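# predicted model, plus sequence, below.
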Amino acid sequence: MLIVGLGNPGLKYRYTRHNVGFLTVDAIAEELNIPVKTIKFKGLYGEGRIGSKKVRLLKPETYMNLSGESVREAMNYFKIPPEEVLVLVDDIDIEFGSIRIRKKGSAGTHNGLKSIIYQIQSDTFPRIKLGVGQKLPQQDLASFVLSGFSTDEGKVIEKTIETAKDAAIEIVKNGVDIGMNKYNSKK
């Protein structure tokens, strides 16, 4: 399985709402002791195992709006079908601090997901969405998702990332349906 965390490269974006996908891949990498340092597929890449299953971790370095280029290159190289690509992504439309697992679906307003769907010509890849809060009506969406978290929000997001990491590992071990049953009801 290919696990892709969406985000933007560079220190100025590291702890922003848009980078929770990157931060979740970092948590998975740490838990499984998989270095994600190889520059490959227009991103940072690493591979290891969860039990007997091979897992590949990818953080596209193309910036969010071109994430699909990196994903497509990795999928083509390893001949991975969309159903075996798990995308970790921020979401402004679900409750802050929650996660939601989906087997497939549209991109909604998310440019990273739009790029992946466009590049691989499919929306049948599973994803774990992390709720990063909702912007105020007068707020610009790009400014909001590129903003950081308050101290209190940061504590919640750390737990959210931990839950998303556990959900991703569960999905690799036991499948998307079991992951959805176990984690979609959790807050």
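Structure received.
# residue ranges in this protein under the pLDDT threshold?
By pLDDT under 70, the weakly predicted segments of the chain are 185-187.
# and the helices in it, which stretches?
20-32, 67-78, 111-120, 141-145, 151-174, 176-183 (DSSP state H).
# buried residues, the longest one. List them.
This means helix 151-174. The neighbour-count criterion (16 or more other C-beta atoms under 10 Å) identifies 153, 156-157, 160-161, 163-172 as the buried residues of helix 151-174. The way it works is simple: take the backbone N, C-alpha and C, and place the C-beta from them, glycine included.
# re the thing from before, make a markdown table out of the helices of the chain and add distance to residue 7.
Formatted as a markdown table, the entries for the helices of the chain read as follows, by distance: least, C-beta to C-beta, whole Å:
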| stretch | distance to residue 7 |
| --- | --- |
| helix 20-32 | 3 |
| helix 67-78 | 9 |
| helix 111-120 | 8 |
| helix 141-145 | 10 |
| helix 151-174 | 12 |
| helix 176-183 | 21 |
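# what residue is smack in the middle of this protein?
Among the residues of the chain, the smallest C-alpha distance to the mean C-alpha position (C-alpha atoms, centre = their mean) belongs to residue 88, namely 1.5 Å.
# and the closest residue to residue 77 other than its chain neighbours, how far is that from residue 80?
Closest residue to residue 77 apart from its sequence neighbours, by C-beta to C-beta, 6 or more residues apart in numbering: residue 41 at 6.8 Å. The span separating residue 41 from residue 80 equals 11 Å under the rule C-beta to C-beta, to the nearest Å.
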